[in-house]
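Peer 1: Just to be clear, the model below is a prediction. Sequence and coordinates:
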Amino acid sequence: MISRPSRRRPWNGNNHMKKYTIATLGSHSALQILKGAKDEGFATLLITTEDRKSLYQRFPFIDEIIIIKSYHEFPELENELRRKNTIIIPHGSFIAYLGIEGNKKIHIPYFGNKKVLDWEADRMKQHQWMKEAELNRPPLYKNPDEAEYPVMVKSFGAAGGKGYIFAGNKKEFKRKISTMTEKKYIIQKYIIGVPLYIHYFYSPLSKKIEILGIDRRYETNTDAWGRIPFKEQREIETDLSYVVVANSPLTLRESMLPEAYAMGERLVEASKKIIDSKGIYGPFCLETIITSDQKFHVIEISARIVAGTFLFQQGSSYSWLLYNEPMSMGRRIAREIKIAIQQKKINIILD
Amino acid sequence: MISRPSRRRPWNGNNHMKKYTIATLGSHSALQILKGAKDEGFATLLITTEDRKSLYQRFPFIDEIIIIKSYHEFPELENELRRKNTIIIPHGSFIAYLGIEGNKKIHIPYFGNKKVLDWEADRMKQHQWMKEAELNRPPLYKNPDEAEYPVMVKSFGAAGGKGYIFAGNKKEFKRKISTMTEKKYIIQKYIIGVPLYIHYFYSPLSKKIEILGIDRRYETNTDAWGRIPFKEQREIETDLSYVVVANSPLTLRESMLPEAYAMGERLVEASKKIIDSKGIYGPFCLETIITSDQKFHVIEISARIVAGTFLFQQGSSYSWLLYNEPMSMGRRIAREIKIAIQQKKINIILD
Amino acid sequence: MISRPSRRRPWNGNNHMKKYTIATLGSHSALQILKGAKDEGFATLLITTEDRKSLYQRFPFIDEIIIIKSYHEFPELENELRRKNTIIIPHGSFIAYLGIEGNKKIHIPYFGNKKVLDWEADRMKQHQWMKEAELNRPPLYKNPDEAEYPVMVKSFGAAGGKGYIFAGNKKEFKRKISTMTEKKYIIQKYIIGVPLYIHYFYSPLSKKIEILGIDRRYETNTDAWGRIPFKEQREIETDLSYVVVANSPLTLRESMLPEAYAMGERLVEASKKIIDSKGIYGPFCLETIITSDQKFHVIEISARIVAGTFLFQQGSSYSWLLYNEPMSMGRRIAREIKIAIQQKKINIILD
């Protein structure tokens, strides 16, 4: 383990929160989280492996980078992190790197409710949560015989679009399922419509929900087919994959915004009922398909910051309506922590 | 009817236009219009129904919300609106909620030329307007026998992409047309190319046209097919719909920008000839398809603010070139009104 | 030749570089280049033909417009340009208007290494450059018999997506190649994946590479097919073209950003080995296809500013991370020139 300060020019903002350190792992949404933390005046710390050092040391808002050989070493850092008054901001790679149990074992302050992790990872629990929140969602099928095709098969471990299977009929289902190593999965009806992902932030301090941005994912090779006319596709061996490699911005029809806000509120309320009294707070995302009757079909919950929020580093059309200053999701998290510190309510927002 | 002030924190801008109120209905582009009005220092007022109150009261730039039971009550508000020195900014939902006649009967100051409404709603008149402006446009066919397929059928009442029919051949035309309740429609050649929507603002004070942004629409389920390879599509019952649910940003090849500006100018000039001496002013949009020879084909005129402008709440690459400060379409409208008030030319821009 | 000052309101920025003039031709990226130059305090000059005057005189950051009858007249301007202490910023249309030889004959200061022009124009040399940089790239085929289909055929003169041919099989290749007038071309494997274009800037002063934005191109009519279900496509005569008419923004999965940065660095290093000791500097773009295994396939190098950078007139999510102030590619170029002037290192960045 090597601890090295990055030698950067000083950041042109305030630093009135500098006795607190905001830290995260070097992947997924780290840039946005630490940029936002620096904008709010915190000291910033990145923990990453050697191969990513060259990327992260380019950015002047990262005060310090700690290099570890593997993420298994993470628990060994806890004393040092505690000394620095560190608050950990988890993102999508925390599960991939540390596992759910690894996250639960983190003993330093952690932004978010760890009990939510189980409800996100188990797709049946996630479906129950959606149901409790009265979110319109595609039917789930118990087996390939009762399914109405096409369907999407989603393994419990699927992440970043990897591990999703599209099946147009039962035969295709059987052929593809035999190649899947993961044994736990759901069979979800494939909805014909357009994907749209809504970025929420729920503040346990103000008890309000905010929509801070909307994106769509850019999936390879799913988004490749539309550029090839069917006459040409006939000769190409189809291999349909949903791996997310990029994101692009969207804004939603204003008449659908009341329901978008209401869905977020219902999800938070439901989490307080079925998870625990704190429920979900901070950033999360509802992943929807919209059909031509202008209805949302929620296909998935991401119970933490999603990568698509990176689009709005300088704020989105939605965040400008609320803040009238640049407010990325990363900065919004740091703002919540800052307010909690100032109001001496830090235990409300940490786990 | 309930009138209720929203209890919001004060907006961090100026308020030197506060003795004038900018008002609109709660839908379509209301957020952008009122945010822009507040940025320019006006008092802001939203008129909406109970179900949307919870959305609009989230936003700190809306000074007051008046709840009405139904939009039929709108005329009853006129005395109150007049007392508040109100200027109404219409948007796409004004026709849907109040009808063309309802708009014409509004006796309080209204931003825009109401005579244009007839020329937008009647698709044959719209086509004549385009022709007068020498806009390149798809051929119209008098009947399904003379058409060159594929075609788009657009009813006179179609809005937000609803009520459009795609027909690949005469048989399909006949089958689909039988399901259409609207009796007035046009048959337009379907142009194979990419859609691109140009947001214009014409200032009757400076007599200049401005391009403030460009978008494309996200249509369900039209934009769903490209994500499904043809082998999978074969088993899906096709149902092609053009309902707009979101928008995404574009920037145009710079060598095509001279024609984009010239098209806007010609449309304004033509309107002064065939509508009345004021012609069209304020925001409008040309909806184009671009073919591989880099030519615009104008498929429709929206003679008012379009929803896609919401993308550029903090300005677009185009508006920054002109203003070097954040300038959304909503704010541009308020800016024009402010300048007209300052120059005592308010009658030039109101109807 | 007519020289005319544009009568514009003064720009609301500094002008401490006003004894130097930044000039370019009226097309491609001119708006962004001159806006950026003005933001950095330079005098700005546009050279264009009469038909584009009406566009460019709309913009307040262009101090002067010189109208020429044809681009053949460009060399006649050199004395005047020298008198104005002019630095020329080339863009994609410089080759189209003046040719490679015309660019090499420009005797006034020119931002960029002209030796790179040959390596960009000759597709075999470009491929060699990519190979030297160890960029993952699609295989090239010597003839249609050895090709693995589908393939893209790219003529040496192809620009803006014009002159690209898609061929699904050998028969189609032979039919289409017979219509191509250009005799020099490459046959490149068509990669099934999503296109993503990375905008780099290499500073020879700081010796650092920066990613300032990412886009995808909007190609007509390639991007038209995904909106037409296959049942409808069957009756349409396919004509596949890749002409770029617009661009839209993307952000890349953060875990792929280390390789994106590394690719840019390797390209710069390779250019110093095989072109000359200065190598490539300033703006360039790697045009990639990403496959579902999250690998980049570099299909082309643009060795200068690309049109897609116009999306980020007010900065991108990437440039904000580095600068915390609005930084378009156009402004970044002007910033580099300004620093070079201040550090008396101007010969490092000019050719």
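Peer 2: Here it is on my side, so go on.

Peer 1: Now for the residue in chain A that chain C sits nearest to: which residues touch it?
Peer 2: Shortest chain A-to-chain C distance, computed as Cβ to the nearest Cβ: residue-wise this is A:Gly226, at 2.1 Å. Any C-beta I mention is one placed from the backbone N, CA and C, and that applies to glycine too. Listed by Cβ atoms under 8 Å, 6 or more residues apart in numbering or on different chains, the contact partners of A:Gly226 are B:Trp225, B:Gly226, B:Arg227, C:Asp223, C:Trp225, C:Gly226, C:Arg227.

Peer 1: tally of neighbours for the closest residue in space to the first one that isn't next to it in sequence?
Peer 2: Right, the one you point to is B:Trp225. Using Cβ to Cβ, 6 or more residues apart in numbering or on different chains and skipping residues adjacent in sequence, the residue nearest B:Trp225 is C:Pro229, 4.7 Å away. Using other Cβ atoms under 10 Å in any protein chain shown, C:Pro229 has 24 neighbouring residues.

Peer 1: Distance from the host helix or strand of A:Thr24 to the middle of the chain?
Peer 2: Here A:Thr24 is covered by strand A:17-25, with elements defined by DSSP states H and E. Its chain's C-alpha centre lies 20 Å from the corresponding centre of strand A:17-25 when counted by Cα atoms, centre = their mean, to the nearest Å.

Peer 1: So what pairs up with A:Leu252 in the strands?
Peer 2: For A:Leu252, the beta-bridge partners are B:Ala246 (DSSP bridges).

Peer 1: Go ahead and confirm it touches B:Val245.
Peer 2: Yes - taking contacts as Cβ atoms under 8 Å, A:Leu252 lies within contact range of B:Val245: 6.9 Å.

Peer 1: list residues touching both of these two?
Peer 2: Taking Cβ under 8 Å, 6+ apart as the contact criterion, the residues that touch both A:Leu252 and B:Val245 are A:Leu196.

Peer 1: between these two, which one's more packed in?
Peer 2: The residue with more neighbours, out of A:Leu252 and B:Val245 and counting by other Cβ under 10 Å, is B:Val245; that gives 28 against 24.

Peer 1: Tell me if I'm right that that one and A:Val194 touch.
Peer 2: Yes - with contact defined as Cβ under 8 Å, B:Val245 and A:Val194 form a contacting pair (6.6 Å).

Peer 1: so what's in contact with these two at the same time?
Peer 2: Taking Cβ under 8 Å, 6+ apart as the contact rule, B:Val245 and A:Val194 both touch A:Ile290, B:Tyr218, B:Glu219, B:Thr220.

Peer 1: In strands, which of those residues fall?
Peer 2: The strands in this structure, assigned by DSSP state E, contain A:Ile290, B:Tyr218, B:Glu219, B:Thr220 from the shared contacts of B:Val245 and A:Val194.

Peer 1: Let's have the residues you listed in CSV, adding neighbour count and pLDDT.
Peer 2: What follows is these, written out as CSV (neighbours: other Cβ atoms under 10 Å in any protein chain shown; pLDDT from 0 to 100):
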residue, neighbour count, pLDDT
A:Ile290, 24, 98
B:Tyr218, 24, 98
B:Glu219, 22, 97
B:Thr220, 25, 96
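
Peer 1: Most widely separated two among the residues you listed?
Peer 2: Across these, no pair lies farther apart than A:Ile290 and B:Glu219, at 10.0 Å, counting by Cβ to Cβ.
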